[in-house]
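Engineer: Show me the folded form of this:
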Amino acid sequence: MKFVKRFLALATPAIASSILATSPSQAATIAYSESRFNINNFSSNPLSVTSLTDTVAETISTGGQVTADAEAEAKFNVDANSSASNWSFSQAEGQGYGYTGTANSFAAIIGYDFAVDKEFSFDFSGLFKLKTSIDDALTESANADGELSYQLFDSDSGNLLDSFSIYGNLSTLGNNDTFVVQPSSSITLDLSQTTIDKSFGGTQEYASTSFKGKYSRTFDKSTRLTLIESKSNQVNVYSVPEPSTILGSLLTCTMLGAASIRKRKIASS
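Structural biologist: Residues are numbered from 1 along each chain as shown. A predicted model of the protein is given here:
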């Protein structure tokens, strides 16, 4: 009992100070992931097209405030000047303590059976952005990742001919940050209109690129091609329950333990 009393005498001021020092209004998280891809000036038109989108957003709160949003768009226009574009966006924000928020978005465009005699080409542009931010490294986390992928297949054999991909992941705090841009040899990026910027480490991180370029490939025989461009963006923010709740529970457990010890001593005597 003497040990317990000494522990409470030392712990109570520390618990009170900690509660006062950590105000819920000063704890906040943000996770953001977005990508866009535009294609125009096709050298030939597809026989048929498909557009796909999907979004999911979920939040759970045990005391804090949290929002999550996911949006996606996709369209493929087939006419004299065929064009295609899609966009995917996910964002989650939290304030206070005790919450989790997630958002996932997906968009894709597919062009089937481009009939090519000698050359297939098109122009493209787009962007890819990730951002995370937290205030308290001990109680919060924010994650953002995304992937943009363009692939060109031989419709008859199913062989992959060319690809262009961008992948990124931010984990704050964490050591799993990644940002990769991988174009194939048939893609030429316009360097005057292409930028890449990133910052890893600390409580605020980001990775982004905007780009413009051209795809061109020649064939030695008539070929049918299938074009698939897709993107997915995911985010997550998380905060543990309010520190006062955690410390209060610790204090309560300690006091209950002390009372239990005393009851056992009385019963044994």
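Engineer: Run a quick neighbour tally on the nearest residue in space to Pro183 that is not next to it in sequence.
Structural biologist: Closest residue in space to Pro183, ignoring its immediate chain neighbours: Phe164 at 4.9 Å, by Cβ to Cβ, 6 or more residues apart in numbering. For every residue, glycine as well, the C-beta is placed using N, CA and C. Look at Phe164: counted by other Cβ atoms under 10 Å, it has 23 neighbours.
Engineer: Pull the contacting residues for Phe164.
Structural biologist: By Cβ atoms under 8 Å, 6 or more residues apart in numbering, the residues touching Phe164 are Ser149, Tyr150, Gln182, Pro183, Ser184, Ile187, Tyr215.
Engineer: host element of the second one?
Structural biologist: Assigning secondary structure by DSSP states H and E places Tyr150 in strand 140-154.
Engineer: Tell me the spacing between the closest residue to Thr223 other than its chain neighbours and Arg224.
Structural biologist: For Thr223, ignoring the flanking residues on the chain, the nearest one in space by Cβ to Cβ, 6+ apart is Val116 at 4.9 Å. Relative to Arg224, Val116 is positioned 7 Å away (Cβ to Cβ, to the nearest Å).
Engineer: Likewise for Gly96?
Structural biologist: Gly96 is 56 Å from Arg224, by Cβ to Cβ.
Engineer: what about these two, which has more around it?
Structural biologist: Using other Cβ under 10 Å as the criterion, Gly96 and Arg224 rank with Gly96 on top: 20 against 16.
Engineer: my guess is the more buried one meets Thr62, correct?
Structural biologist: No - here Gly96 lies out of contact with Thr62, judged by Cβ atoms under 8 Å, at a distance of 9.9 Å.
Engineer: Identify the residues contacting Ser222.
Structural biologist: Ala115, Val116, Asp117.
Engineer: Of these, which is the most crowded?
Structural biologist: Val116 (18 neighbours).
Engineer: Could I get the pLDDT score of Thr140?
Structural biologist: Quick fix: residue 140 is Glu, not Thr. If you check Glu140, the pLDDT there is 94.
Engineer: Quick one: residues contacting the residue nearest to it when sequence neighbours are not counted.
Structural biologist: Once flanking residues are discounted, Glu140 sits nearest to Ile134: 4.2 Å by Cβ to Cβ, 6+ apart. For Ile134, the contact set (Cβ under 8 Å, 6+ apart) comprises Ala28, Thr29, Ile30, Glu140, Ser141, Ala142, Thr172, Leu173, Thr203, Gln204.
Engineer: Mind putting those residues into CSV with neighbour count?
Structural biologist: Shown next, in CSV, are these (neighbours: other Cβ atoms under 10 Å):
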residue, neighbour count
Ala28, 20
Thr29, 28
Ile30, 20
Glu140, 23
Ser141, 21
Ala142, 30
Thr172, 25
Leu173, 15
Thr203, 15
Gln204, 15
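Engineer: can you put these in JSON lines and add distance to Val240?
Structural biologist: Converted to JSON lines, those look like this (distance: Cβ to Cβ, whole Å):
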{"residue": "Ala28", "distance to Val240": "14"}
{"residue": "Thr29", "distance to Val240": "11"}
{"residue": "Ile30", "distance to Val240": "17"}
{"residue": "Glu140", "distance to Val240": "8"}
{"residue": "Ser141", "distance to Val240": "9"}
{"residue": "Ala142", "distance to Val240": "13"}
{"residue": "Thr172", "distance to Val240": "15"}
{"residue": "Leu173", "distance to Val240": "14"}
{"residue": "Thr203", "distance to Val240": "16"}
{"residue": "Gln204", "distance to Val240": "20"}
